[in-house]
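# This is a predicted model, with the sequence first.
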Amino acid sequence: MPLSAPGKFKTKAINNSYGGNGSAENLTGDNAVIIGANSGKNISSSGVIVIGSEAGGNAPAINKDGLIIIGYNAAPTINGGEFSTIIGNKAASKVTLAAGLTCVGDSSALNITESIGASCFGYQAGLNINDSNENTAIGYRALRWPLTGVSGRRNTMIGANCASDTSLIAGGWTNNVGVGDFAMGGLGASGNMGATRCVAIGSSAIGYTNGSQDSVGVGFESLLNGAGQQNSALGSRSGRLITSTGTGNVTIGYESGANLRANLNGIFIGAGADPLSTLSHRSIIIGKTYLGSLIEDDSVMIGHLARPFAAGGDILVITNNNRVSDRPLISGHFSNGNVGIGNRYFGGGKGLLSLADATVLPTANNSIGGFLFVDNGALKWRGKAGTITTLALS
């Protein structure tokens, strides 16, 4: 039984419930529920539920089963909509072709025109995503994209303002995951150009995207300035200033790689592990960096407060607590082929092994070998029987 007479009801459809001025004007489907002024005018499929003034009202034909539309002006132009659920004021209000679309929230999926398998939950979630197959947006303005014409597929964004950059320019977004408020380009930076295969977890992680590819940022403001290409950052503010041209870096720990910009292929592990320079290509730093030391290209620093003993790159230092100033455990120049043990002086030579004087001479024997050491500049050997042989004079 109809709740009130439809505007131009003229078919023999059965088991339908409808009400509202102008609703169900051209209804031909069965088992439908249509309530609201000017709602569901052209429904030809069965089992459709349309509730709300002008909901599904101007659609040329709703001819797919399993469609639910609830809310003022929700999906008014939808054509199709098989297995779609659209709930909210003006939700999916411009969609024409859809299948498996689920959107819940005021203005959710507002400007989508075509969608297959998209899910948008929250106010303005998925606002402008177009060609929006298999996207998931959960949260206030998640995956909002304020400009129309931005394409994106298989993205998953969870959190308020996640991927909702207010100055986003058109670009492709594919296979990205963002979790956290303002993650994945939600900070309003001009020039954002989409992202591909990136993962951002944490508030403001990968804050500006700038065409990033294959990068991962986990932690508050990790890779904040631009994820670049193939960068991996783990930790709060890790790699936060790496730019869109930075490539192949790994930063692990609080503020690790914090000063890097367009750096290439560096590895920085530990809280405060940073070259204190915008560029330190191909360098490896493990441990907090000594403040005031610039670590240049192709260097390896291992240990708490390790720092280079000379300007330029290609330097190796393994030490702890800033002992590089006198007796680093191991030092070296990669380009010169020098290695120092307890010593950092090479006298201008190349291909050298530099040994420091022993600070305490051995008094016991080595039962499985012997000791090689320098005593006041003389090279000596103490064998397992305790015999000391001078190999070279001072």
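All right, it came through fine. Residues are numbered from 1 along each chain as shown.
# Let me know how buried the closest residue to Gly351 other than its chain neighbours is, in neighbour terms.
Closest residue in space to Gly351, ignoring its immediate chain neighbours: Gly337 at 4.3 Å, by Cβ to Cβ, 6 or more residues apart in numbering. Every C-beta, even on glycine, is put in place using the N, C-alpha and C of the backbone. With neighbours defined by other Cβ atoms under 10 Å, the count for Gly337 comes to 13.
# Asn21 now?
13.
# check contacts around the spatially closest residue to it that is not a sequence neighbour.
Leaving aside its sequence neighbours, Asn21 sits nearest to Ala37 (Cβ to Cβ, 6+ apart; 4.7 Å). Going by Cβ atoms under 8 Å, 6 or more residues apart in numbering, Ala37 touches Gly20, Asn21, Gly22, Ser23, Ser53, Glu54.
# Am I right that Ala37 is in a helix?
No: counting by DSSP: H, G, I helix; E, B strand; the rest coil, Ala37 falls outside a helix, being coil.
# From Thr102, how far out is it?
25 Å (Cβ to Cβ, to the nearest Å).
# go on, Gln230?
In terms of Cβ to Cβ, Gln230 sits 34 Å off from Thr102.
# Looking at these two, which one has more neighbours?
The neighbour comparison of Gln230 against Thr102 (other Cβ under 10 Å) goes to Thr102, with 21 against 17.
# Where do the domain boundaries of the chain fall?
Following automatic domain parsing, the chain resolves into domains at 1-117, 357-394.
# among these, which is the most enclosed?
Highest mean neighbour count of those: domain 1-117, a mean of 22 (counted as mean count of other Cβ atoms under 10 Å).
# before we move on, what SS does Tyr345 have?
Per three-state DSSP, Tyr345 ends up coil.
# out of everything not next to it in sequence, what's closest to it?
Tyr345 sits nearest to Ser354 (Cβ to Cβ, 6+ apart), 6.1 Å away.
# which parts of the host helix or strand of that neighbour are buried?
Assigned by DSSP states H and E, Ser354 belongs to strand 353-355. Residues of strand 353-355 classed as buried: Ser354, Leu355 (neighbour count, 16 or more other Cβ atoms under 10 Å).
# Report all helices and strands that that strand contacts.
Under the contact criterion of 3 or more Cβ pairs under 8 Å, 6 or more residues apart in numbering; DSSP states H and E, strand 353-355 touches strand 338-341.
# Of the contacts of Ala37, which pair is most distant in space?
For the contacts of Ala37, the farthest-apart pair by Cβ to Cβ is Asn21 and Glu54; their separation is 11.0 Å.
# got any residues that touch both of those two?
Ala37, Asn38.
# ok so, going back, what about the strand holding Ser354, average pLDDT?
The average pLDDT within strand 353-355 is 94.
# Alpha carbons only: can I get stretch 354-361 in CSV?
Below are the C-alpha coordinates for stretch 354-361, written out as CSV (Å, rounded to 0.1, in the frame of the first residue of the first chain):
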residue,chain,number,x,y,z
SER,A,354,98.2,2.7,11.8
LEU,A,355,98.5,1.4,15.4
ALA,A,356,98.5,3.4,18.5
ASP,A,357,100.8,2.8,21.5
ALA,A,358,99.4,0.4,24.0
THR,A,359,98.0,2.3,26.9
VAL,A,360,98.7,-0.7,29.3
LEU,A,361,101.2,-3.4,28.3
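# what sits up against that stretch?
Stretch 354-361 is contacted from outside by 327, 331, 338-346, 373-377, 379, using Cβ under 8 Å, 6+ apart.
# What of stretch 385-394?
Contacts of stretch 385-394 (Cβ under 8 Å, 6+ apart): Asn365, Asn376, Gly377, Ala378, Leu379, Lys380, Trp381, Arg382, Gly383.
# any idea whether the fifth one is helix, strand or coil?
It refers to Leu379. strand.
# Name whatever forms a beta bridge with it.
Val374, Ala392 (DSSP bridges).
# wait, doesn't it sit right on Leu372?
Yes: here Leu379 lies in contact with Leu372, judged by Cβ atoms under 8 Å, at a distance of 7.4 Å.
# Looks like Gly303 contacts Ile318 (just checking).
Yes: between Gly303 and Ile318 a contact is recorded at 5.9 Å, counting by Cβ under 8 Å.
# shared neighbours of those two, anything?
Common neighbours of Gly303 and Ile318 (Cβ under 8 Å, 6+ apart) are Leu329.
# ok, those two, which is more surrounded?
The neighbour comparison of Gly303 against Ile318 (other Cβ under 10 Å) goes to Gly303, with 23 against 18.
# hang on, the earlier thing: dump the residue contacts of the residue nearest to Gly351.
Lys350, Gly351, Leu352.
# Would you tell me which one of the residues you listed comes nearest to Arg240?
Lys350 (39.1 Å).
# pLDDT wise, what is that closest one at?
94.
# Let me know the secondary structure of it.
Going by three-state DSSP: Lys350 is coil.
# What ranges in the protein fall below the confidence cut-off?
For the chain, the stretches with pLDDT under 70 are 1-13, 58-65, 80, 130-132, 145-151, 165-172, 186-193, 322-326.
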